[in-house]
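A.B. asks: structural data only, the sequence is not supplied:
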(Lines give C-alpha, C1' and ligand atoms only; values in the text may rest on other atoms or scores of the structure.)
Protein backbone atom coordinates (compact mmCIF):
# COMPACT_ATOMS: atom_id res chain seq x y z
CA UNK A 1 0.00 0.00 0.00
CA UNK A 2 2.83 2.36 0.82
CA UNK A 3 4.49 1.76 -2.54
CA UNK A 4 1.19 2.40 -4.32
CA UNK A 5 0.73 5.69 -2.48
CA UNK A 6 4.30 6.75 -3.19
CA UNK A 7 4.32 5.75 -6.84
CA UNK A 8 0.81 6.06 -8.30
CA UNK A 9 -1.03 8.50 -6.05
CA UNK A 10 1.74 11.09 -6.08
CA UNK A 11 1.63 11.13 -9.91
CA UNK A 12 -2.15 11.49 -9.95
CA UNK A 13 -2.13 14.24 -7.33
CA UNK A 14 0.43 16.18 -9.36
CA UNK A 15 -1.90 16.45 -12.36
CA UNK A 16 -3.22 20.00 -12.81
CA UNK A 17 -6.71 20.32 -11.32
CA UNK A 18 -6.69 16.75 -10.00
CA UNK A 19 -9.03 15.89 -7.16
CA UNK A 20 -8.03 12.48 -5.83
CA UNK A 21 -10.11 10.33 -3.47
CA UNK A 22 -8.89 7.01 -2.12
CA UNK A 23 -10.99 4.41 -0.30
CA UNK A 24 -9.83 1.21 1.35
CA UNK A 25 -12.08 -1.49 2.74
CA UNK A 26 -10.66 -4.37 4.74
CA UNK A 27 -12.65 -7.51 5.49
CA UNK A 28 -11.23 -10.24 7.69
CA UNK A 29 -12.85 -13.57 8.54
CA UNK A 30 -11.52 -15.51 11.52
CA UNK A 31 -12.98 -18.95 12.18
CA UNK A 32 -12.96 -18.56 15.98
CA UNK A 33 -13.59 -14.82 15.93
CA UNK A 34 -11.31 -11.99 17.01
CA UNK A 35 -10.36 -11.87 20.68
CA UNK A 36 -11.38 -8.83 22.69
CA UNK A 37 -7.84 -7.49 23.17
CA UNK A 38 -7.09 -7.56 19.44
CA UNK A 39 -10.47 -6.03 18.60
CA UNK A 40 -9.85 -3.20 21.08
CA UNK A 41 -6.40 -2.41 19.65
CA UNK A 42 -7.65 -2.50 16.06
CA UNK A 43 -10.57 -0.18 16.86
CA UNK A 44 -8.36 2.23 18.81
CA UNK A 45 -5.82 2.36 15.99
CA UNK A 46 -8.59 2.85 13.43
CA UNK A 47 -9.96 5.79 15.38
CA UNK A 48 -6.49 7.30 15.81
CA UNK A 49 -5.98 7.07 12.06
CA UNK A 50 -9.40 8.67 11.53
CA UNK A 51 -10.86 5.64 9.75
CA UNK A 52 -14.47 6.18 8.80
CA UNK A 53 -16.89 3.77 10.53
CA UNK A 54 -14.43 1.28 12.08
CA UNK A 55 -16.38 -1.86 12.99
CA UNK A 56 -15.71 -5.33 14.29
CA UNK A 57 -18.49 -7.89 14.18
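C.D. replies: That came through fine. Just so it is clear, the structure is predicted and the values come from calculations on it, not from any experiment. Numbers count the residues shown, from 1 in each chain.

A.B. asks: can we go C-alpha only for contacts and neighbour counts from here?
C.D. replies: Will do.

A.B. asks: just give the closest residue to residue 13, not the sequence neighbours.
C.D. replies: Closest residue in space to residue 13, ignoring its immediate chain neighbours: residue 20 at 6.3 Å, by Cα to Cα, 6 or more residues apart in numbering.

A.B. asks: pretty sure the one you found contacts residue 11?
C.D. replies: No - with contact defined as Cα atoms under 8 Å, residue 20 and residue 11 do not form a contacting pair (10.6 Å).

A.B. asks: what pLDDT does residue 57 get?
C.D. replies: If you check residue 57, the pLDDT there is 67.

A.B. asks: before we move on, the earlier item: work out for me the element the residue nearest to residue 13 sits within.
C.D. replies: Taking DSSP states H and E as the definition, one finds residue 20 inside no helix or strand.

A.B. asks: that one: neighbouring residues, count only.
C.D. replies: Each residue near residue 20 was counted by other Cα atoms under 10 Å, and the total is 11.

A.B. asks: which phi and psi does it have?
C.D. replies: Backbone torsions for residue 20, taken as degrees, to the nearest 10, come to phi -110, psi 130.

A.B. asks: looking at the chain, which helix or strand does the model trust least?
C.D. replies: When the helices and strands of the chain are compared on mean pLDDT, DSSP states H and E, helix 2-4 comes out lowest with a mean of 84.
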